[in-house]
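A structural model of the following input is requested.
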Amino acid sequence: MKGKVTFFLLMLSLLSAGSVNAQNLKKEFPKSFTITVSNPLHQQREDVMVMVEGDEISKRVAAFNPQAFIVLDGKKEIPSQYNLKDSENKGIVVVLDKLAPKASQKLTIRYNENGVSNRNYTKRTQAELSHKVAGEFRDRKYIGGEFRNVDSLRVPAEHTDHSNFIRYEGPGWESDKVGYRFYLDWRNGTDVFGKKTNDMVLQQVGQDGFDSYHNEQPWGMDVLKVGEALGVGTLAMFHNGKANRMAQTDSMISVITENGDVYSSIRTGYHGWKIAGMKLDVNSQLSIPAGSRMTHHQVRVKGGTPENLSTGIIKDKRTNLHTSPGSDNAWGYVASYGKQSLNGEGDNLGIAVLFSPKDLMEITEDKHSHVVKLKPSDNKVEYYFLAAWELEPEGIKTEEQFKQYLQKTAQELANPVQVRFASRPKL
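The predicted structure is shown next:
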């Protein structure tokens, strides 16, 4: 009897604590509105990024405060953030663990019009840019100094490849699945950091030696050879029979627009890209959400009307090539899989670029790369790229698994989750 009484009192205490917690949340965030997130596919989705656009919120919710809000799934608070600096993707971002086939899920956003709230969530994405300070350039090499993380960098005229100025040679971004970097110099190629952990690792990369990441580390390593190719997802223009990276520019400035727990992004402006008789200004926005291998690349150009903007993946004889032009129900892709990792004899590594079928001009090639030519619409283009290394925790181990993952991802891009607001906000 005594045990039953003790159990009853314990349960009563827990219920009371939950009630108090709910009351505290309503007091801290007194106003709310609800949304419904729906999966149009007949297949389950995992690590589902949901974007609640800022413009749509402002149309429906008066005085919403992006500095003080939480997102609730029932009574459970789920990690979220508000993108303010990422102008291409401004609004609330949440990542749901899963969404069942043809299912809908209601979420409640509670907010305080006047408050500021700092929530502590597990960090599942990161973006950083680190360069040396307190040294000096000599003959285009940076001598002395120490690395310091910065929010933005206008690339000095003295900087070039292997100047030892920028840690791992450019900005980096990662999710809990994979990391990437691009060379912030005349090469402008995109590379891959394979990860052996779900933790954030970029802050460790290149600290113990400028290019030590080319060898396997406890966290992982640089797994892709870029060379003169497109690596994976590098922006280019197909001209005179080859994919031309952004090699000649007047200036470059790169900005960490978001470094959040569930979403991170980098904006880079390339001014005066000299290509095909034009001089273009390019705005590049790279972003990655938690739980995803995919980087979303959104590109805008000014100063001319390019016939194409292109991207692709490196050629490697050790791989099998997989391509699809896409359909009404799936995005297209160019992908390869095989022992193309830089680790020893090569681990299995899959890389891919995915694109909307309406933008496809041609899938072609040059000496170094498999190339996707895309037709800009209103001088804009977007695509996704990804990498899957077999040494990831619970990673993709076989070519068949990679093909299944690729096809599922292509279908999800063609059938995005739908966000619907409740008819009127709750008070």
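
State the helix or strand in which the closest residue to Asn259 other than its chain neighbours lies.
Counting by Cβ to Cβ, 6 or more residues apart in numbering, Asn259 lies nearest to Ala127, which is 4.8 Å off, once chain neighbours are set aside. Heads up, the C-betas are built off the backbone N, CA and C, glycines and all. Secondary structure assigned from DSSP states H and E places Ala127 in strand 125-128.

What is that strand packed up against?
Using 3 or more Cβ pairs under 8 Å, 6 or more residues apart in numbering; DSSP states H and E as the contact definition, the elements that strand 125-128 packs against are strand 172-175, strand 251-259, strand 263-275, strand 278-289.

Find the one among those strands with the highest mean neighbour count.
When neighbours are counted by mean count of other Cβ atoms under 10 Å, the highest per-stretch mean among those falls to strand 172-175, a mean of 26.

Paired strands for the helix or strand following that strand, with orientation please.
For strand 172-175, the succeeding helix or strand toward the C-terminus, using DSSP H and E, is strand 178-182. According to DSSP bridges, the neighbouring strands of strand 178-182, each with its direction, are strand 172-175 (antiparallel), strand 190-195 (antiparallel).

and Lys102, which of the three is it?
For Lys102, the reduced secondary structure class is coil; criterion used: DSSP: H, G, I helix; E, B strand; the rest coil.

isn't it right next to Gln43, touching?
No - taking Cβ atoms under 8 Å as the contact criterion, Lys102 and Gln43 are not neighbours in contact, 9.1 Å apart.

For stretch 37-47, which residues meet the burial criterion?
Burial within stretch 37-47, assessed by neighbour count using 16 or more other Cβ atoms under 10 Å, is assigned to Val37, Asn39, Leu41, Arg45, Asp47.

What about those, which are in strands?
In strands, judged by DSSP state E, the following of those are found: Val37, Arg45, Asp47.

Make JSON lines from those and add pLDDT and distance to Leu354 to it.
Shown next, in JSON lines, are those (pLDDT from 0 to 100; distance: Cβ to Cβ, whole Å):
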{"residue": "Val37", "pLDDT": "98", "distance to Leu354": "22"}
{"residue": "Arg45", "pLDDT": "98", "distance to Leu354": "16"}
{"residue": "Asp47", "pLDDT": "97", "distance to Leu354": "16"}
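
Quick one: the residues you listed as TSV, columns for distance to Asp176 too.
Supplementary listing: these in TSV, determined by distance: Cβ to Cβ, whole Å:
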residue	distance to Asp176
Val37	21
Arg45	17
Asp47	9
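
What's the end-to-end length of stretch 38-55?
20 Å (Cα to Cα, to the nearest Å).

which residues sit against that stretch?
In this structure, residues lying in contact with stretch 38-55 by Cβ atoms under 8 Å, 6 or more residues apart in numbering are 35, 37, 66, 82-83, 89-105, 107, 109, 262-263, 289-292, 408, 411-412, 415, 417-420.

Report pLDDT for Ala62.
Per-residue pLDDT puts Ala62 at 89.

whoops, I mixed them up, Arg424
As summarised for this prediction, Arg424 has a pLDDT of 59.
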